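Visitor: Next input, structure requested:
(chains A and B, ligands or ions: 2)
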Amino acid sequence: MKEKPGSFIISVTSGKGGVGKTFITTNLATCLAKEGKKVLVADCDLGLANIDIMLGINPSLTLKDVVFGDKHLRDVIIRTSGGFDLIPASSGIREMAQLLFEKIQVIKKMLLEIDDYDLIILDTGAGISEVVLQFNLIAHQNIVVINRELTSLTDAYAMVKVMYQVFSRQSFGIIANNVCDEKEGLGIYKNIDNISKRFLGFSLDYLGHVQQDNAVPKSILRQEIPFLTAPRSRLADNFCTIARQVMNLPKNRKV
Amino acid sequence: MKRLKKTAPVTAAGDKLAIRASLAEILKNQKGGFLFTEKCSQPEIFFLLAEDIPVGDLGILLKEKGIKLKLQDDLLKKLLRLEKENSRLKSLSLTDGLTNLYNRRFFTQQLKIEMTRTKRTGQPFCLMIIDLDNFKSVNDTLGHHKGDEFLVNIARIFCQKIRPTDFACRYGGDEFAIIMPATSLLDGISIAQRWHDMIEEVARTMKLDVSSSIGIDEFNTFNPFRDDEFFAVVDKELYRAKKEGKSKICYPGYPQKEPSSSEEVSREEKEALFQAFMPLTNKKRGVN
Ligand SMILES: Nc1ncnc2c1ncn2[C@@H]1O[C@H](COP(=O)(O)OP(=O)(O)O)[C@@H](O)[C@H]1O
Ligand SMILES: [Mg+2]
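Guide: Ligands and ions are numbered 1, 2, ... in the order given. Presented below is the predicted three-dimensional model:
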């Protein structure tokens, strides 16, 4: 008898902060949920968790109750307005930011036990701290968000390099955020892809771009999800393209 | 001559079609094939080549070359077949002579099987590689028999304590590979710890200064690796355990000694990134 192979887990990461990881995570999750996929988002930015704030929810239980309490990950899952489920984290707790390796393994084990989702998305924090690397390691596939800034490019490259050198990862998805158009996104991708090929010896997978949308800051202020408020916008269209690529990821694997 | 002796049995044991082809070639060519142009006087070489040929044909062939096929020469053929059967059985044997653990051949097969199983059932499995620390110095100072005795002793403990579903294999001299089906990394690590302690215990009772370094990782459905690649990942962890001071267990994700053991982004890479970035900003300016 065939058992369920567990949920497919991806992480959204970047190295640099503020490039739009959380923004992309919530909108991508909403898009996939709308297409009928069962999606779970885990807020893994343990020091400065903010998905709950972005969505205007105030969860009573968070990841903290799993790590320091006796709760299972399942117990803290809540449904969001985006149609996806969320494992919220708590902001500003120092012990959480530097989780012990053993604690992360416990989280990993619980995540793997949650096998009734089509996709689990881990929204990681900035930097290449041990915790961020660990969450990337838990994920079967890492998605690196970049934008047109030089520091975003160098930080993304540093992330790819570390994951490759420390954990032998050789497969990364790239999303170009905050770009004017498709061409600019592809251009940014090609640059980092070339450098990866040249120095690390492998190519990166392009998942698509998300254009800069001036309505975003306002909708974030209103704690809305742009994909929901403007489902016919170019922005929403961008996410649909990325969503298709993401759902293709498990099939494209070498296995 | 030498080459002939060396290559002929391989051909004989292997590709029958090739033998037929070369004999047909030889039969067709009145002057004889290259095997005969070598001045070869050992009849067994002919038999090696001709093993698959009816005795009648063989007689004709050999007669042409001025060699008479005597009936009792068929004995050679029987001996040869026996020898071949022998080596086949040997190659079929899957255990290591000294320790009675599975051998490397078995391991390679089983690793492939477990990977296929994982892909089918979705259940992860763990692979750990154990390498003994300071074992060489035991062999060097106390002699190989002491080293062998130690190997036999730990193998005995392995067999007693191993979970019935796991496979312990002697991969090389002092290297062991353990396959743990239906086991997640977290469980695998605690088992690795047990094995590490068992080895330590045996070393203590034998008053030897030997410990073990262990590399371990989990293979799951989302793992993109082929069997050799997955093995290399675990081997890399073992190497790290050795490098970071031995007598320890490493796995992907094991806390790094330094913030990260990767090299920093080099100047060259930074320059390439910067250059990649420049045209982008220029383009942007062009647009504006
Ligand atoms: N495509 C976009 N268009 C407009 N603004 C964006 C876009 N992507 C991100 N932003 C802005 O950038 C800010 C930081 O994004 P966030 O997702 O919090 O970054 P991170 O999670 O990587 O730290 C958001 O508050 C949002 O206003
Ligand atoms: Mg964020």
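Visitor: Around ligand 1, which positions in chain A sit nearby?
Guide: By C-beta under 6 Å from any ligand atom, the residues of chain A that approach ligand 1 are A:14, A:17-23, A:126, A:177-178, A:210, A:212-213, A:216-217, A:220. Quick note: C-beta positions are derived from backbone N, CA and C, even for glycine.
Visitor: could you redo the last one with a cut-off of 5 Å?
Guide: Residues of chain A lying close to ligand 1 (C-beta under 5 Å from any ligand atom) are A:17-23, A:178, A:210, A:212-213, A:216-217, A:220.
Visitor: farthest-separated two in those residues?
Guide: Spatially, the most separated pair among the residues of chain A next to ligand 1 is A:Gly17 and A:Asp213, at 19.8 Å (C-beta to C-beta).
Visitor: and those two? which has more neighbours close in?
Guide: Taking other C-beta atoms under 10 Å in any protein chain shown, A:Gly17 and A:Asp213 do not tie; A:Asp213 has more neighbours (18 against 14).
Visitor: And for whichever residue of the stretch 101-250 of chain A sits closest to ligand 1, the neighbour number?
Guide: Relative to ligand 1, the nearest point of the stretch 101-250 of chain A is A:Val216 (3.5 Å; C-beta to the nearest ligand atom). Using other C-beta under 10 Å, A:Val216 has 18 neighbouring residues.
Visitor: same check, this time on A:Ser219
Guide: A:Ser219: 18 surrounding residues under other C-beta under 10 Å.
Visitor: Now it. Nearest residue, chain neighbours left out?
Guide: The shortest distance from A:Ser219 to any non-neighbouring residue, by C-beta to C-beta, 6 or more residues apart in numbering or on different chains, is to A:Pro226 (4.8 Å).
Visitor: Give the full set of residues in contact with that neighbour.
Guide: Contact analysis of A:Pro226 by C-beta atoms under 8 Å, 6 or more residues apart in numbering or on different chains lists A:Asn27, A:Asp213, A:Ala215, A:Val216, A:Ser219, A:Ser233, A:Leu235, A:Ala236.
Visitor: Let me see the ranges of the helices in the stretch 101-250 of chain B.
Guide: For the stretch 101-250 of chain B, applying DSSP state H, counting those that start in this stretch gives helices covering B:104-121, B:135-142, B:144-161, B:185-205, B:227-243.
Visitor: just to revisit the earlier point, per-residue confidence for the nearest residue to the residue of the stretch 101-250 of chain A closest to ligand 1 once chain neighbours are set aside?
Guide: Leaving aside its sequence neighbours, A:Val216 sits nearest to A:Pro226 (C-beta to C-beta, 6+ apart; 5.6 Å). Note for A:Pro226: predicted pLDDT of 93.
Visitor: ok, now B:Leu79?
Guide: pLDDT recorded at B:Leu79 is 68.
Visitor: With B:Leu92 instead?
Guide: 62.
Visitor: is it true that the residue of the stretch 101-250 of chain A closest to ligand 1 touches A:Ile24?
Guide: No: between A:Val216 and A:Ile24 there is no contact under C-beta atoms under 8 Å: 11.1 Å.
Visitor: Name the nearest residue to A:Val76, sequence neighbours excluded.
Guide: A:Leu61 (4.2 Å).
Visitor: Look at that neighbour and report its pLDDT.
Guide: In this model, A:Leu61 carries a pLDDT of 92.
Visitor: Hmm, A:His72 and it touching each other?
Guide: No: between A:Leu61 and A:His72 there is no contact under C-beta under 8 Å: 10.5 Å.
Visitor: which residues do these two both contact?
Guide: Joint contacts of A:Leu61 and A:His72 (C-beta under 8 Å, 6+ apart) do not exist.
Visitor: Looking at these two now, which is surrounded by more residues?
Guide: Neighbour count, other C-beta under 10 Å: between A:Leu61 and A:His72, A:Leu61 has more, with 16 against 12.
Visitor: I'd guess that one is in a helix, am I close?
Guide: No: residue state for A:Leu61 (DSSP: H, G, I helix; E, B strand; the rest coil) corresponds to coil; a helix is not indicated.
Visitor: who's in contact with it?
Guide: A:Lys71, A:Asp75, A:Val76, A:Pro88.
Visitor: Distance check, the third one against A:Glu113.
Guide: When distances are taken as C-beta to C-beta, to the nearest Å, A:Val76 and A:Glu113 turn out to be 14 Å apart.
Visitor: what does the stretch 101-250 of chain A put close to chain B?
Guide: Within the stretch 101-250 of chain A, the positions near chain B by C-beta under 8 Å from any C-beta of the partner chain are A:101, A:104-106, A:108-109, A:112, A:128, A:130, A:133-134, A:137, A:140-141, A:148, A:150, A:153-154, A:157-158, A:161-162, A:164-168, A:170-171, A:180, A:184, A:187-188, A:191-192, A:194-195, A:198-199, A:250.
Visitor: what about 6 Å?
Guide: A:101, A:105, A:109, A:134, A:137, A:140, A:150, A:153-154, A:158, A:162, A:165-168, A:191, A:195, A:199 (C-beta under 6 Å from any C-beta of the partner chain).
Visitor: Produce a PyMOL select command limited to the buried residues of the residues you listed.
Guide: This is the PyMOL syntax for the buried subset of those, where burial follows 16 or more other C-beta atoms under 10 Å in any protein chain shown:
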select buried, chain A and resi 105+134+137+140+153+154+158+162+166+167+168+191+195+199
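Visitor: Would you map the helices across the stretch 101-250 of chain A?
Guide: Counting by DSSP H, counting those that start in this stretch, the helices of the stretch 101-250 of chain A are A:101-113, A:130-138, A:150-167, A:182-199, A:216-221, A:226-229, A:234-248.
Visitor: got the angle for the last one vs helix A:182-199?
Guide: Relative orientation of helix A:234-248 and helix A:182-199, computed by axes from the mean of the first three to the mean of the last three C-alpha atoms, to 10 degrees: 40 degrees.
Visitor: Show me which positions of helix A:234-248 end up buried.
Guide: For helix A:234-248, the neighbour count (16+ other C-beta under 10 Å) marks A:Leu235, A:Ala236, A:Asn238, A:Phe239, A:Cys240, A:Ile242, A:Ala243, A:Gln245, A:Val246 as buried.
Visitor: Same list (those) but as TSV, adding distance to B:Ile154.
Guide: Shown next, in TSV, are those (distance: C-beta to C-beta, whole Å):
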residue	distance to B:Ile154
A:Leu235	62
A:Ala236	62
A:Asn238	59
A:Phe239	56
A:Cys240	58
A:Ile242	52
A:Ala243	53
A:Gln245	50
A:Val246	47
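Visitor: JSON lines please, covering those and showing distance to B:Lys136 and pLDDT.
Guide: Shown next, in JSON lines, are those (distance: C-beta to C-beta, whole Å; pLDDT from 0 to 100):
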{"residue": "A:Leu235", "distance to B:Lys136": "63", "pLDDT": "95"}
{"residue": "A:Ala236", "distance to B:Lys136": "64", "pLDDT": "96"}
{"residue": "A:Asn238", "distance to B:Lys136": "59", "pLDDT": "97"}
{"residue": "A:Phe239", "distance to B:Lys136": "58", "pLDDT": "97"}
{"residue": "A:Cys240", "distance to B:Lys136": "60", "pLDDT": "96"}
{"residue": "A:Ile242", "distance to B:Lys136": "54", "pLDDT": "97"}
{"residue": "A:Ala243", "distance to B:Lys136": "56", "pLDDT": "96"}
{"residue": "A:Gln245", "distance to B:Lys136": "51", "pLDDT": "94"}
{"residue": "A:Val246", "distance to B:Lys136": "50", "pLDDT": "95"}
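Visitor: Kind regards, and thank you for your time.
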